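*Asks:* Sequence and predicted structure, then a few things I'm wondering about:
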2 protein chains.
Amino acid sequence: MEERQPNVADVARAAGVSLGTVSNVLNNPAKVTPRTRSKVEAAIAALGFVRNGTARSLAAGTSRTLAFLVEDLTNTFFLDLAKGAEEAAQAANLNIVLANADSREDKQRSYLDLFEEERVAGILLAPRQDLLDQVAPLRYRGVRVVVLNAHPPGDVCSVETDNVRGGYLAAQHLIAGGCRRLLFAGAHRFPAVVDRLQGTRRAVAETGGEVTLEVMTTDGVTADDGYEVATVIHSRSDQDRPDGVIAGADLLALGLVQATLVRGRLRVPEDLSVIGYDNNREAWSSLVPLTTMDQAGVQMGRSAAELIIDELRNPREHEHRRIVMEPILVPKSSTRPLVGDPAPPATPARWLPEHAPGQA
Amino acid sequence: MEERQPNVADVARAAGVSLGTVSNVLNNPAKVTPRTRSKVEAAIAALGFVRNGTARSLAAGTSRTLAFLVEDLTNTFFLDLAKGAEEAAQAANLNIVLANADSREDKQRSYLDLFEEERVAGILLAPRQDLLDQVAPLRYRGVRVVVLNAHPPGDVCSVETDNVRGGYLAAQHLIAGGCRRLLFAGAHRFPAVVDRLQGTRRAVAETGGEVTLEVMTTDGVTADDGYEVATVIHSRSDQDRPDGVIAGADLLALGLVQATLVRGRLRVPEDLSVIGYDNNREAWSSLVPLTTMDQAGVQMGRSAAELIIDELRNPREHEHRRIVMEPILVPKSSTRPLVGDPAPPATPARWLPEHAPGQA
DNA sequence: CCCTACCTGTGAAACGCTTCAAAAAGTTCG
DNA sequence: CGAACTTTTTGAAGCGTTTCACAGGTAGGG
């Protein structure tokens, strides 16, 4: 533990071969006779040799590690992204390390700096929406970057989902289930939420007045915000009350649904349908499983990693792409099934009360 | 982007100083005259020089990066650990990267291999409990490792909480609140859960028969498992029914509480007190905020990082320590306040139903 | 039996930085 | 003004790999 760790020269000496041969055993085993190879491998095992990755990166001029920098790891959507990226990286025989920017500008910057210094093979970045300008300087200096869940200006690959489309699909689902008085609830400081609202507006407009839309601005998109929304809804008279809510995010939907359920006056989804957004695992244990829009995070992560791997492998032919994915409706039990659609929801309602709740 | 990136020699040339001086500006600014320093800094900025971290690590023989390998990032307890470790690392001017073993043996191993190759300054490991034997070989080869949430055999620093004590405190809290028929529910395949049960047993034994304990083994510790428990409890007659439940983990407690609430026959905490474990953020949006045992993850992470930093700074004097922390009771609203204790719970009940639920 | 091809194995030359002994430049003081 | 320090700067020697032009050996063909 005090003494110097063995290096390739030590291994070479022990195996009675040259230094370059050891390197070949490590990197191009096919170029070495089985006989020689096993001698070298025996020496490696005997000495407990572990190749020095920093020297390797330096000499080879390229690392085998990707970095994934995430806005906020507590949001499970980002974990899905990481999972997908990891799968793709592994398939390409690359490693991937994670870092959490914790929604802080300084952290995002300092991790980007770190990864640039460490000469990682590439950076996957799921950034805070207002910190996209940190990308251009990196690209300028030749750092490989792919952006997830956003699209910065300039020549960069990116993978995102179409939030406008998501809002549209969510609203359409409620409408198809028979809702006529929609409420959109969410915090307008999130660009994604604003996009979803825009899509909702479009879906409502397409009904030509048959469906009404009310917009409620909340502080954030937490369960507490959902509770506030529930309070407002409950204070309304039957005519003024929405029969379908598009929530800006799952936790908001969760709070709304649970507060509604426990108050016992309105049934979900019979009296009030609620659809969330993100398929967030923090909301999976909802009393009534939430219908939600899934952003296919795993697949996004995979695509992003594949983009950066392509850039890595074919620096010359690679051209930057902007991938926009379609969010996927995940019908569970917080919304009514489509009128005339006998298909059961993917997830059965597990949490329904024994006794019928009171009439609205 | 095609041309070679600038290196220290380029900077030295541009600034009209020697190569060693540039290095000093980077690493020992105090050793350089302000005049010279600013010349060098100007050159760095002009060339867009970014120091090559792999070369630095190689030459210096030591990296400035710690690695944190976690059993399962979807569990927010581990995120707390990471947060604490990051704080401590930052204070010591070290970086920290994350990796997720996803509870898989091969991943845990391959990340450990990666970090050893990359010669990180140290590895913080929150391992799967049955994969502790991967630690010894690393230590043997001189890799700095600190283990969190477990204690492997051998000469290693570790930080964990006392689960026996936690189970004891949890039970004591219920008893102090007036519970007399306790139920412990959890999956016995988790060593931590078994320890908690042991503590609970001790607390019950100390009452000299005044309090009874029943043990229910569940498949896992998810909300669904909690639902199963709720079903069993509801099927019981009033005499046979427990009045206090110690859940092996928060999600289990969450499922139990919510299923109970929505059935409307029993009140929480009046008829049934429930205490969870872990202060898991996935359970924060519970209808009735969960009383739970907090493992002080942030502080654990911080301590672990401090241990490894000490080993890093004082390799000679450093001696390995096993830190065992005390879990902390976080009283919220799913358990009755202590008899005669007028202090309100830290977290007020936000989700209580408008109408009183039916009598038990 | 020689020549050509091919396959293995060789080892010096990078890679870009830190380190550190020694040289150079400054400073103090008699 | 110069000796005796102190502070600042210098640059060559590593760090442990990979790379690649080349040497040595083997086999097949003429």
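*Replies:* Received it, and whenever you're ready, just let me know what you need.
*Asks:* Who does the nearest residue to residue A:114 once chain neighbours are set aside form a beta bridge with?
*Replies:* Of all residues not flanking residue A:114 in the chain, residue B:95 sits nearest, at 5.0 Å (CB to CB, 6 or more residues apart in numbering or on different chains). To be clear about C-beta, it is placed using only N, CA and C from the backbone, and glycine gets the same treatment. Beta-bridge partners for residue B:95, by DSSP bridges, are residue B:65.
*Asks:* do residue A:294 as well
*Replies:* On the basis of DSSP bridges, residue A:294 is bridged to residue A:328.
*Asks:* residues near it, how many?
*Replies:* Neighbour count of residue A:294, defined by other CB atoms under 10 Å in any protein chain shown: 19.
*Asks:* And the residue of chain A found nearest DNA strand C, how close does it get to DNA strand D?
*Replies:* As assessed by CB to the nearest atom of the strand, DNA strand C sits closest to residue A:20 within chain A, at 2.3 Å. Residue A:20 is 4 Å from DNA strand D, where distance means CB to the nearest atom of the strand, to the nearest Å.
*Asks:* looking at this, that residue is in a strand?
*Replies:* No - secondary structure of residue A:20, determined by DSSP: H, G, I helix; E, B strand; the rest coil: helix, with no strand assignment.
*Asks:* so what's it scoring on pLDDT?
*Replies:* Residue A:20 carries a pLDDT score of 94 in this model.
*Asks:* try residue A:237
*Replies:* Here, the pLDDT recorded for residue A:237 equals 94.
*Asks:* Return the backbone torsion pair for it.
*Replies:* Backbone torsions of residue A:237, given as degrees, to the nearest 10, read phi -80, psi 160.
*Asks:* For burial, what's the neighbour tally of the residue of chain A closest to DNA strand C?
*Replies:* 10.
*Asks:* hang on, residue A:269 in a helix?
*Replies:* No - counting by three-state DSSP, residue A:269 is not part of a helix but coil.
*Asks:* The helix-or-strand element of chain A with minimal mean pLDDT to helix B:250-263, inter-axis angle?
*Replies:* Ranked by mean pLDDT, DSSP states H and E, the weakest helix or strand in chain A is helix A:250-263, scoring a mean of 92. When axes from the mean of the first three to the mean of the last three CA atoms, to 10 degrees is applied, the directions of helix A:250-263 and helix B:250-263 differ by 40 degrees.
*Asks:* near chain B at all, helix A:250-263?
*Replies:* Yes - on the criterion CB under 8 Å from any CB of the partner chain, helix A:250-263 is in touch with chain B at A:251, A:254-255, A:258-259, A:261-263.
*Asks:* Return the distance of that helix from the chain's centre.
*Replies:* Helix A:250-263 has its C-alpha centroid displaced from the chain centroid by 24 Å (CA atoms, centre = their mean, to the nearest Å).
*Asks:* One more: stretch A:316-332?
*Replies:* Distance, stretch centre to chain centre, for stretch A:316-332: 12 Å (CA atoms, centre = their mean).
*Asks:* show me where pLDDT drops low in chain A?
*Replies:* Counting by pLDDT under 70, chain A contains low-confidence ranges at A:1-3, A:339-360.
*Asks:* circling back: which of the residues of helix A:250-263 next to chain B has the largest number of neighbours?
*Replies:* The residue in the residues of helix A:250-263 next to chain B with the most neighbours, by other CB under 10 Å, is residue A:254 (29 neighbours).
*Asks:* what's the helix or strand for residue A:214?
*Replies:* Using DSSP states H and E, residue A:214 sits within strand A:212-217.
*Asks:* tell me what that strand is packed against?
*Replies:* Counting contacts by 3 or more CB pairs under 8 Å, 6 or more residues apart in numbering or on different chains; DSSP states H and E, strand A:212-217 packs against strand A:181-186, helix A:191-206.
*Asks:* What does the spatially closest residue to residue A:73 that is not a sequence neighbour show for phi and psi?
*Replies:* With sequence-adjacent residues excluded and distances taken as CB to CB, 6+ apart, residue A:73 is closest to residue A:100, at 4.3 Å. In terms of degrees, to the nearest 10, the main-chain angles of residue A:100 are phi -110, psi 120.
*Asks:* coming back round to it: report the two of the residues of helix A:250-263 next to chain B separated the most.
*Replies:* Farthest pair in the residues of helix A:250-263 next to chain B (CB to CB) is A:251 and A:263. Separation: 18.6 Å.
*Asks:* Now residue A:310. Nearest residue, chain neighbours left out?
*Replies:* Leaving aside its chain neighbours, residue A:310 sits nearest to residue A:318 (5.6 Å; criterion: CB to CB, 6+ apart).
*Asks:* For DNA strand D, what's the nearest residue on chain A?
*Replies:* Proximity of chain A to DNA strand D (CB to the nearest atom of the strand) peaks at residue A:59, 2.7 Å away.
*Asks:* Who are the packing partners of the host helix or strand of that residue?
*Replies:* Following DSSP H and E, one finds residue A:59 within helix A:53-60. Packing partners of helix A:53-60 (3+ CB pairs under 8 Å, 6+ apart): helix B:53-60, helix B:105-117.
*Asks:* out of these, nearest to residue B:91?
*Replies:* For residue B:91, the closest of the helices and strands packed on helix A:53-60 is helix B:53-60, at 20.4 Å, according to CB to CB.
*Asks:* what residues does the stretch 201-350 of chain A put near chain B?
*Replies:* Counting by CB under 8 Å from any CB, the residues of the stretch 201-350 of chain A close to chain B are A:222-224, A:227, A:234, A:251, A:254-255, A:258-259, A:261-265, A:281-285, A:287, A:350.
*Asks:* hmm, back to that, could you give the angle of the helix holding residue A:59 to helix B:105-117?
*Replies:* For helix A:53-60 against helix B:105-117, the angle by the same axes, to 10 degrees is 70 degrees.
*Asks:* Return the set of buried residues in stretch A:183-192.
*Replies:* Of the residues in stretch A:183-192, A:183-187, A:190, A:192 count as buried by neighbour count, 16 or more other CB atoms under 10 Å in any protein chain shown.
*Asks:* do the same with stretch A:157-176
*Replies:* By 16+ other CB under 10 Å, the buried positions in stretch A:157-176 come out as A:157-175.
*Asks:* is it possible to export the helices and strands packed on helix A:53-60 to CSV including mean neighbour count?
*Replies:* Shown next, in CSV, are the helices and strands packed on helix A:53-60 (neighbours: other CB atoms under 10 Å in any protein chain shown):
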stretch, mean neighbour count
helix B:53-60, 20
helix B:105-117, 18
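*Asks:* Let me see the domain layout of chain A.
*Replies:* A:8-51, A:63-155+A:297-326, A:163-290 (automatic domain parsing).
*Asks:* Of the buried residues of stretch A:183-192, which are in range of chain B?
*Replies:* Answer for those near chain B: none qualify (CB under 8 Å from any CB).
*Asks:* which one among these gets closest to residue A:337?
*Replies:* Within the buried residues of stretch A:183-192, the smallest distance to residue A:337 is 20.2 Å, found for residue A:183 (CB to CB).
*Asks:* show me what contacts that closest one?
*Replies:* Counting by CB atoms under 8 Å, 6 or more residues apart in numbering or on different chains, residue A:183 makes contact with A:213-216, A:229, A:233, A:242, A:244-246.
*Asks:* Tell me the buried residues within those.
*Replies:* Buried members of the contacts of residue A:183, scored by 16+ other CB under 10 Å, are A:213, A:216, A:229, A:233, A:242, A:244-246.
*Asks:* And the strands in the stretch 1-150 of chain A?
*Replies:* Secondary structure of the stretch 1-150 of chain A (DSSP state E, counting those that start in this stretch): strands located at A:65-70, A:95-100, A:122-126, A:145-148.
*Asks:* How many neighbouring residues does residue A:210 have?
*Replies:* Other residues within reach of residue A:210 by the criterion other CB under 10 Å amount to 9.
*Asks:* Tell me who's in contact with the closest residue to it other than its chain neighbours.
*Replies:* Distances taken as CB to CB, 6+ apart put residue A:180 closest to residue A:210, at 6.8 Å, once the chain neighbours are dropped. Counting by CB under 8 Å, 6+ apart, residue A:180 touches A:210-212, A:243-244.
*Asks:* ok, now with 7 Å
*Replies:* Shown in contact with residue A:180 (CB atoms under 7 Å, 6 or more residues apart in numbering or on different chains): A:210-211, A:243.
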